[in-house]
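Q: output the structure for:
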Amino acid sequence: MSVALGLLLIAQLSSFEFSPVPSPQVAGDSFEVTIIARDSSGGVYPYSSSALLSTTVDDFWSYVYPNLVTFQNGVLQRNVMVSRAESLRLICNVGNISDTSDNLAVLNGPPARFLAVLPGERLAPGSPTGLRPDPPESQVAGDTFDFDVHVTDGWNNIVAGRTDSVYFAATDSFARLPGPATLANGSGTFAAGFRQAGTHRLAALPGSGSPVKADTSSTFSVIPGSYENILLLLPGETPLPGDTARFGWQTPGKSGEAIEQVLRTPFDIQVYGTDACWNRVTGPADSVLLRSDFSFTSTPSILPFAPGAVFSTQFNTSGPNQNIWAVLKTSGQESYRSQLSIRSRATMLEITAPDTVRAGETTLVHVTLRDANGRPLVAAPCRFSVIAGNGDMLDSALLSDTLGRVTARFLCSRAFGDEHDTIRVTADTTGYAGIFVQMPDASLLEGGIIVFPNPFGFNQDRCEINYYLQRSSPITVSIYDTFGNRVIGWQFRTGEEGALSGVNRIYWDGRNSKGRRVANGVYVVQVVGELHTGTTFRGTQRIGVTW
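A: Predicted structure coming up:
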């Protein structure tokens, strides 16, 4: 029943009468409007429902806020706001009943922002975005296009008479943009060119102290142009579409530095087509191959160019700045020359070491480093470590000489008996050397002292004095004659040679403390180790001297 009554009432509604609206108004400012619902006889019709408010500008946007209003007993009296700066009329509409106000001049508000308008876009002053929903046109990388910039109020109405300074920025760091400019009468048309394919935006920026806010344009697409260049990518290099570099030494179209590669070790090289701005595109139906002024091998040797090719490549000689480039087989078109360094790596280690040494005896381990071409490596690091046994490398890291050779010292002074020691040699590749360490005499482990040769003098001009310490401590070595007179002696501090844990060796040349030869006879060597906690070692042994 209520729905039928409502339809009946609407059917009896005849027109709307606007009271005069003061003119002009300012876009965005509130003003009062009064509208009376009339019946067919001109009387007030008791309409108490909704109506739509709009303007005579166009049907894209209502430009009136609020645009849905409610009558009470045939009268609407409330404040509204118009966002479109233009000479217009207000429209009140319910169903088929529509009436307009007197002409109303709406002026623009104060300047508030820039509005950037791209090709394909149309202005819609007074709307929230200032633009109709038409998408901007796509642009081709490297091509120039025109765009507009306007000064607008808070509702995107153009503010005439402005001469604001404007600056430009873009999401494409390689874009060609106008320099700083000045608008004329609140507007300006400018030219730009984007180089990097993808989705981008353009920004209009105000000068310092300006009341106008910056604006960022709608997003628009930049598509690659037609095929133009060959781009070759080495390991460590990445594509740089849109690049403005022009010369080969500037490596246009890519960023990063080529990673040093290893002699005769394969690595990948990518080759594909680009437009004039180095955006990737499908190249012509041709085959591509690699060339260099240096010896190299690629697998396969030739590939289809489209949509792109990947070669497994190795260089056969070492050295810096070795060039390589790509060539199309049929057209002969070439890429610019790229450069990378090729270093030698040790692929062979020639290791020489004695099969057997005595505990406490320093021996030499000789290594020659060679690359994949069998050539010696100069100034190459080589590392040594003992991975089995109680021996020590006195030289843990060395550089090879001009013949690729390295000589390191090995010493086993901590053996508890005969043992096999394994030495690992590392220089890019790894090699091993095995040495059998022989304890001179088992009595050493029991705290004895071994002298060799004994006697000495007629056969050798000195003797070895060997003793074994379970732990490092200060050591005093003394040699006495048969009457108990001290002939000569030595003192070693903890951690020094002669006072190390394990087998220690010192030498006596048969001379006294004054440097004179002792007489033929029997002498006694005494070795004493002492800490504040007590004696750590004490032993004696006779030595025969015969000149």
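Q: in which helix or strand does the closest residue to T482 other than its chain neighbours reside?
A: Distance criterion CB to CB, 6 or more residues apart in numbering; nearest residue to T482, sequence neighbours excluded, is V522 at 6.0 Å. Heads up, the C-betas are built off the backbone N, CA and C, glycines and all. Assigning secondary structure by DSSP states H and E places V522 in strand 521-531.
Q: now the element after that strand, going C-ward?
A: Beyond strand 521-531 in the direction of the C-terminus, DSSP H and E gives the next helix or strand as strand 534-546.
Q: so who does the nearest residue to S287 once chain neighbours are set aside touch?
A: Distance criterion CB to CB, 6+ apart; nearest residue to S287, sequence neighbours excluded, is K329 at 4.2 Å. K329 makes contacts with 286-289, 302, as judged by CB atoms under 8 Å, 6 or more residues apart in numbering.
Q: cool, N108 as well?
A: By CB under 8 Å, 6+ apart, the contact set of N108 is 26-27, 85, 152-153, 157-160.
Q: in JSON lines: these, plus secondary structure.
A: Listed next are those as JSON lines, based on DSSP: H, G, I helix; E, B strand; the rest coil:
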{"residue": "V26", "secondary structure": "strand"}
{"residue": "A27", "secondary structure": "coil"}
{"residue": "A85", "secondary structure": "coil"}
{"residue": "T152", "secondary structure": "strand"}
{"residue": "D153", "secondary structure": "coil"}
{"residue": "N157", "secondary structure": "coil"}
{"residue": "I158", "secondary structure": "strand"}
{"residue": "V159", "secondary structure": "coil"}
{"residue": "A160", "secondary structure": "coil"}
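Q: arrange the residues you listed in CSV, one row each, with pLDDT as further columns.
A: Listed next are these as CSV, based on pLDDT from 0 to 100:
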residue, pLDDT
V26, 97
A27, 97
A85, 97
T152, 98
D153, 97
N157, 97
I158, 97
V159, 97
A160, 95
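Q: would you turn these into CSV with neighbour count and distance to D421?
A: Putting the contacts of N108 into CSV (neighbours: other CB atoms under 10 Å; distance: CB to CB, whole Å) gives the following:
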residue, neighbour count, distance to D421
V26, 17, 97
A27, 23, 94
A85, 27, 95
T152, 28, 86
D153, 22, 89
N157, 28, 91
I158, 19, 90
V159, 23, 90
A160, 12, 94
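Q: now, among those residues, which is nearest to T476?
A: Set against T476, the nearest of the contacts of N108 by CB to CB is T152 (99.5 Å).
Q: thought V106 was touching G28?
A: No: in this structure, V106 is not within contact of G28 by CB atoms under 8 Å, at 9.3 Å.
Q: mind checking which of these two has more residues around it?
A: More crowded of V106 and G28, by other CB atoms under 10 Å: V106, with 27 against 20.
Q: list the contacts for that one?
A: Applying CB under 8 Å, 6+ apart to V106 gives the contacts 24-27, 82, 84-88.
Q: recalculate using a threshold of 6 Å.
A: Contacts were defined as CB atoms under 6 Å, 6 or more residues apart in numbering; by that measure V106 touches 25, 27, 82, 85-86.
Q: could you find the closest non-adjacent residue to the residue nearest the centre of the chain?
A: The centre of the chain sits closest to G256, judged by CA atoms, centre = their mean, with a distance of 9.5 Å. Excluding its sequence neighbours, the residue lying closest to G256 (CB to CB, 6+ apart) is E237, at 4.7 Å.
Q: tell me the phi and psi of the residue of the chain positioned farthest from its centre?
A: The C-alpha centroid of the chain is most remote from S41, which lies 81.5 Å away (CA atoms, centre = their mean). The phi/psi pair for S41 (degrees, to the nearest 10) reads phi -90, psi 0.
Q: repeat for the one 3 residues further on
A: Backbone torsions for V44, taken as degrees, to the nearest 10, come to phi -70, psi 120.
Q: next one: G248
A: Per-residue torsions, G248: phi -60, psi -40 (degrees, to the nearest 10).
Q: that one reaches S338, doesn't it?
A: No: between G248 and S338 there is no contact under CB atoms under 6 Å: 8.0 Å.
Q: so these two - more neighbours on which side?
A: Shown here are G248 and S338; by other CB under 10 Å, S338 has more neighbours (21 against 14).
Q: isn't the more buried one right up against L232?
A: Yes: counting by CB under 6 Å, L232 is a contact partner of S338 at 5.4 Å.
Q: by mean pLDDT, point me to the weakest helix or strand of this protein.
A: When each helix and strand of the chain is scored by mean pLDDT, DSSP states H and E, helix 2-12 comes last, with a mean of 49.
Q: helix or strand next in line after that helix, which one?
A: Scanning forward in sequence from helix 2-12 by DSSP H and E, the next helix or strand is strand 13-18.
Q: what's that following strand in contact with?
A: Strand 13-18 is contacted from outside by 35-40, 45, 47, 92, 97, 99, 101, using CB under 6 Å, 6+ apart.
Q: which pair of the residues you listed spans the longest distance?
A: For the contacts of strand 13-18, the farthest-apart pair by CB to CB is S40 and S101; their separation is 20.9 Å.
Q: ok, the two, which is more surrounded?
A: S101 (22 against 10).
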